[in-house]
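requesting a structural model of the entry that follows:
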Amino acid sequence: MMSSLLDEWRVFCEGRENFDVSHFYTLFHADPSVLSKEQLKEIFFYFPNSEELLSRMANILEVKFLAKGESGSRSPGVETNDKLISLAVDDLKQKRVICDKQGNAELCAIIDRAKPIYTDDVNKVHELLQADGPNIWLNELVGDYIESNVPTDKKVLALFEAFYGLTTDYDLVWYAGMPLINCDDISLDNYFNLWEAGGEYVLTEDNLLVTRSTETK
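Numbers count the residues shown, from 1 in each chain. Below is the predicted model of the structure:
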């Protein structure tokens, strides 16, 4: 199946056959023992900055499959609470750049006054992540800004669809595809570092609540 999808990816990128971008949603749905570095190189061959794209995807794959118990050098979820807070604050500061650039003074003020707090109540964090409030407003603003700077080339859109198929996390999608995005004021490296460490957070009206992902408990 993977070989067939890669063959379709090649003819699609070379303009020899047309597919809907959603056709490649499962392009990265294989663990590192199946989806080799050579195959990843083939996937990214058709894009500028292919080496950086390869490096970012290798980072994501390594962490994802270590979190499922695969052997390797990284150990997600072992950072101290203070370290997780620091990583969350760094990510939020990076996203504040976009709030300021977009002239959203309300969100900037919320970010500036948010008190970083670690909590073991991951269920509370997840409930707040689903509730309408500053966190959703921030995600929408950041997402809209980044999407407006994503090239409309169909190959790029198909690649981003495949990124989402692997991660189901738009922040990781932006991290993976950053070499192709036409903006230099945000990198999402800070988000990747937090995710790699096993942390997550939610921004409320007054606090930045940081916890450990259930995947690393």
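
contacts and neighbour counts: CA atoms only from here.
Will do.

which elements pack onto the longest helix along the chain?
When the chain is scanned for its longest helix (criterion: DSSP state H), the result is helix 81-101. Under the contact criterion of 3 or more CA pairs under 8 Å, 6 or more residues apart in numbering; DSSP states H and E, helix 81-101 touches helix 105-113, strand 115-118, helix 134-147, helix 189-196, strand 199-203, strand 207-212.

residues in contact with the shortest one?
Read that as strand 115-118. Residues outside strand 115-118 that contact it (CA atoms under 8 Å, 6 or more residues apart in numbering) are 81, 82, 85, 89, 206, 207, 208, 209, 210, 211.

can you pull the contacts of the residue nearest to residue 214 when sequence neighbours are not counted?
Nearest residue to residue 214, sequence neighbours excluded (CA to CA, 6 or more residues apart in numbering): residue 122, at 7.4 Å. Counting by CA under 8 Å, 6+ apart, residue 122 touches 211, 212, 213, 214.

list only buried entries from these.
Buried subset of the contacts of residue 122 (neighbour count, 16 or more other CA atoms under 10 Å): 211, 212, 213.

closest to residue 160 out of these?
residue 213 (24.0 Å; CA to CA).

what residue lies at the spatial centre of the chain?
Centroid-nearest residue in the chain, with CA atoms, centre = their mean: residue 172, separated by 0.7 Å.

pretty sure that residue contacts residue 190?
No. Counting by CA atoms under 8 Å, residue 172 stays clear of residue 190, with 10.5 Å between them.
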